[in-house]
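any chance you can model this:
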Amino acid sequence: MRRTLTLAGLTTLALNLASFGTGTMPLRTDTSREALVSLGQDYGDLQQWATAIVEASDTLESAERARALAHQLARVMGPLEKDFENTTASLSTAQLEQILPLWESMVFAHAGFALLQERAATLGLDPAIDPAELHDLAYQLSVVLDVAAKIQRRALMELMVPPETPIRAS
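Prediction:
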């Protein structure tokens with residue numbers, strides 16, 4: 001009985017493997033450049049928000065308006081982390097190795113985004129927010145975005161230039 005079950009299992013396995021065919025699987029489509037461009041656009045959009053808040057918070061006197069702006073800023077920052085994850089997932093191992101020092105810097109920038117988003121969310125719930133706190137937060141965000149955008153552009157440029165490969169003369 002045991003031998004019959006083993007034979008039935010092996011037959012099922014062989015039939016399943018044979019049904020997959022012998023064709024090769026196509027390589028995944030390289031979407032890394034598009035993802036990096038999209039991430040750069042996200043940085044630009046968020047930079048506009050940060051700049052507008054810095055300018056508006058200079059003359060903002062109402063704690064309620066500052067709270068609402070902080071809440072909105074936290075919401076606008078939300079999708080950035082998912083976009084960064086998608087961009088990271090779109091990069092192949094070889095591409096990540098090619099731009100590793102840049103990508104490590106980008107990871108630190110995104111850790112900064114996470115901290116700033118958390119701070120914006122906290123300020124968005126604070127009824128006694130000082131508009132100067134929102135101004136400082138938006139300014140810090142603007143600086144981090146500027147650095148991240150520069151890194152993103154450098155990474156994109158490095159991925160567009162094929163890596164050097166040693167040529168051996170035989």
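
how about the helix ranked longest in the chain: buried residues?
Longest helix in the chain, counting residues (DSSP state H): helix 131-160. Buried residues in helix 131-160, counted by 16 or more other Cβ atoms under 10 Å: 131, 133-135, 137-138, 140-142, 144-145, 147-149, 151-152, 155-156, 159. C-beta: built from backbone N, CA, C; applies to glycine.

sketch out the low-pLDDT regions of this structure for me.
The model of the chain has pLDDT under 70 over residues 1-28, 162-170.

nearest the geometric middle of it, what residue?
Centroid-nearest residue in the chain: Phe84, 0.6 Å away (criterion: Cα atoms, centre = their mean).

now it, what's its secondary structure?
helix (DSSP: H, G, I helix; E, B strand; the rest coil).

who's in contact with it?
39, 106, 110 (Cβ atoms under 8 Å, 6 or more residues apart in numbering).

format those as TSV; extra columns: neighbour count.
Formatted as TSV, the contacts of Phe84 follow (neighbours: other Cβ atoms under 10 Å):
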residue	neighbour count
Leu39	24
Met106	22
His110	19
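
so which of the residues you listed are in strands?
Per DSSP state E, strands hold no members of the contacts of Phe84.

for Ala63, state which of these is nearest.
His110 (29.8 Å; Cβ to Cβ).

which residue packs closest to that closest one, ignoring adjacent ones?
Phe84 (5.1 Å; Cβ to Cβ, 6 or more residues apart in numbering).

can you tell me how far that neighbour is from Glu61?
35 Å (Cβ to Cβ, to the nearest Å).

and for Arg75?
On the measure of Cβ to Cβ, Arg75 and Glu61 end up 23 Å apart.

try Phe108
Taking Cβ to Cβ, one finds Phe108 at 35 Å from Glu61.

which SS class is Pro79?
Assignment for Pro79 (three-state DSSP): helix.

that one reaches Tyr43, doesn't it?
No. The criterion here is Cβ atoms under 8 Å, and Pro79 misses it with Tyr43 at 12.0 Å.

who has more neighbours out of those two?
Using other Cβ atoms under 10 Å, the more surrounded residue of Pro79 and Tyr43 is Tyr43, with 24 against 13.

quick one on the thing from earlier: mind checking how far the longest helix of the chain is from the chain centre?
13 Å (Cα atoms, centre = their mean, to the nearest Å).

do stretch 148-165 as well
16 Å.

residues in contact with Met77?
Going by Cβ under 8 Å, 6+ apart, the list of residues near Met77 reads 46, 113, 116-117, 120, 141.

correction: the previous question concerned Glu97.
For Glu97, counting by Cβ under 8 Å, 6+ apart, there are no contacting residues.
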